[in-house]
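>>> coordinates for the following, if possible.
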Amino acid sequence: MKKYLISPNRKQYKANLHCHSILSDGNLTPEALKALYKSHGYDILAITDHERPHHHQQLAEPDFLLITGYECYIRPDKLGRYNPYNKEVHLNLFAREPQNTTMICYNETFCKYLRRDNAFHEIKARAGSERPREYTREYIDEFIRTAKENGYIVAYNHPYWSMEDEADILAHEGCFSMEICNYGSYVSNGLEYCGALYDKMLYNGKRIFCHGTDDNHNVYPVDHPNNDSFGAFTMIMPNDFTYSSVIHAMEQGEMYASMGPVFREVSIEGNRLHVECSEAAHIFLYNGGKRPGMLHAAPGESLTCADFEIDKDARYIRVSVQDAQGRWADTRGFFRDEIGLPPLEA
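As a prediction, the model looks like this:
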């Protein structure tokens, strides 16, 4: 019997899950961001301003959803000051309920955008310790746990930009997904596509999904080569196009990350995996080993499908495609128990 990891029969909705407006350090209003993304074929937008939860539900339409969320950060500097050579953690909090704007572990020194225009009145509820933030594993995990207990799902943002050690990233508990590509950082550093890091997480048994985002601030106009919009996105596959179904699909990993290519189908029948996608130059089946499945197009040609045998010792599987422009698309990792393989012998 065929098992679909990405079904051709389920509609895919295009989302940008990381975005900044004039409420923090972005250059466009929420209204302008919504109009811009809708005009470029997106269905879903999360405006995640720094330390400033806001629901924006007045901008939602039957064919365009606004996901409520905000971006939090934890730095070694007790005053929250930015240092380009210091490690730090940024997390996106996505609310399960559209009206939830609870501030997690409020700390005045980190909430400069609330202070800037006296927007404290926006914060209807607070949860968690308001002691000075600490850049420690214990505090970060406490922060994530508090967010989850108060109605959020939590994503780990731009791992390369954050400069955390791999061991620290692997140690964090409670994030449902990681930005495998953050386009705003990718534009500035060329390295914020983190497929290798995601595989290392899966290899170590970390059950975490992956997604793509713009993290756009729109310092440059849309037609400028330095613009940070429309370069990475997430395709979400909910049962229906409602806020609760979209959040549920995200939390269950019914989504994939892309910088351009799209998946039409990823399915398993027996020990064979079948992929159908938009035009690609390369298709890979990663499995946690040194020899992933691979198929490369001949010069001047392209691929739109591939079939692979799943290695009996695969630790997990995930599919990546890369197009002729070097843009990636990535499924999440699927572990052995999810695809019907028995546990590996010790």
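>>> would you verify that residue 184 is located in a strand?
No - applying DSSP: H, G, I helix; E, B strand; the rest coil, one finds residue 184 to be helix, outside a strand.
>>> confirm for me that it is in contact with residue 227.
No - with contact defined as C-beta atoms under 8 Å, residue 184 does not count as touching residue 227 (9.7 Å). Glycine gets a C-beta too; all of them are placed from N, C-alpha and C.
>>> residues shared between the contacts of the two?
In terms of C-beta atoms under 8 Å, 6 or more residues apart in numbering, residue 184 and residue 227 are both contacted by the residues residue 216.
>>> when these two are compared, which one has more neighbours?
Taking other C-beta atoms under 10 Å, residue 184 and residue 227 do not tie; residue 184 has more neighbours (25 against 19).
>>> per-residue confidence for residue 345?
With respect to pLDDT, residue 345 scores 80.
>>> A helix includes it, no?
No - Residue 345 is assigned coil when assessed by three-state DSSP, not a helix.
>>> near it, how many other residues are there?
5.
>>> for it, give me its contacts.
Contacts of residue 345 by C-beta under 8 Å, 6+ apart: none found.
>>> distance of it relative to residue 109?
52 Å (C-beta to C-beta, to the nearest Å).
>>> what do you get for residue 164?
Counting by C-beta to C-beta - residue 164 and residue 109 are separated by 21 Å.
>>> I'd guessed residue 160 sits against residue 181; true?
No - the criterion here is C-beta under 8 Å, and residue 160 misses it with residue 181 at 10.0 Å.
>>> find the residues that touch each one of these two.
In terms of C-beta under 8 Å, 6+ apart, residue 160 and residue 181 are both contacted by the residues 192, 194.
>>> which of these two has more residues huddled nearby?
Applying other C-beta under 10 Å to residue 160 and residue 181 shows that residue 181 carries more neighbours, namely 29 against 17.
>>> and residue 84, how many neighbours does it have?
Neighbours around residue 84, by other C-beta under 10 Å: 6.
>>> quick one, phi psi at residue 258?
With angles defined as degrees, to the nearest 10, residue 258 sits at phi -150, psi 150.
>>> my guess is it meets residue 328, correct?
Yes - taking C-beta under 8 Å as the definition, residue 258 is a contact partner of residue 328 at 7.3 Å.
>>> would you confirm that residue 244 belongs to a helix?
Yes - with three-state DSSP as the criterion, residue 244 is located in a helix.
>>> gap between the closest residue to it other than its chain neighbours and residue 89?
Excluding the flanking residues, the one nearest residue 244 by C-beta to C-beta, 6 or more residues apart in numbering is residue 96, at 7.6 Å. Here residue 96 is placed at a distance of 22 Å from residue 89 (C-beta to C-beta).
>>> and for residue 265?
For residue 265, the distance to residue 89 equals 36 Å [C-beta to C-beta].
>>> between these two, which has more neighbouring residues?
Higher neighbour count among residue 265 and residue 89: residue 89, with 23 against 16, using other C-beta under 10 Å.
>>> phi, psi for the nearest residue to that one once chain neighbours are set aside please.
Nearest residue to residue 89, sequence neighbours excluded (C-beta to C-beta, 6+ apart): residue 74, at 4.6 Å. Phi and psi for residue 74, reported as degrees, to the nearest 10, are phi -130, psi 120.
>>> surely residue 74 meets residue 133?
Yes - with contact defined as C-beta under 8 Å, residue 74 counts as touching residue 133 (5.2 Å).
>>> quick one: common contacting residues for the two?
By C-beta under 8 Å, 6+ apart, residue 74 and residue 133 have these common neighbours: 139, 143.
>>> three-state assignment of residue 188?
helix.
>>> and residue 144, by the same measure?
Residue 144 ends up helix, using three-state DSSP.
>>> now do it against residue 215, distance only.
Distance, residue 144 to residue 215, using C-beta to C-beta: 19 Å.
>>> so which of these two has more stuff around it?
The neighbour comparison of residue 144 against residue 215 (other C-beta under 10 Å) goes to residue 215, with 29 against 22.
>>> my guess is the more buried one contacts residue 228. True?
Yes - using C-beta under 8 Å as the test, residue 215 is close enough to residue 228 to be in contact (6.9 Å).
>>> common neighbours of these two, please.
183-184.
>>> lowest-pLDDT helix or strand in the chain?
Lowest mean confidence among the helices and strands of the chain (mean pLDDT, DSSP states H and E): helix 112-116, at a mean of 82.
>>> from the contact counts, what lies against the next helix or strand after that helix?
The helix or strand immediately downstream of helix 112-116 is strand 126-127, counting by DSSP states H and E. Contact here means 3 or more C-beta pairs under 8 Å, 6 or more residues apart in numbering; DSSP states H and E; on that basis strand 126-127 packs against strand 103-104.
>>> any idea how far the strand it packs on is from the chain center?
Between the centre of strand 103-104 and the centre of its host chain there is 20 Å, according to C-alpha atoms, centre = their mean, to the nearest Å.
>>> partner strands of it, with direction?
Strand pairing for strand 103-104, determined by DSSP bridges: strand 126-127 (parallel).
>>> many thanks, I have nothing further to ask.
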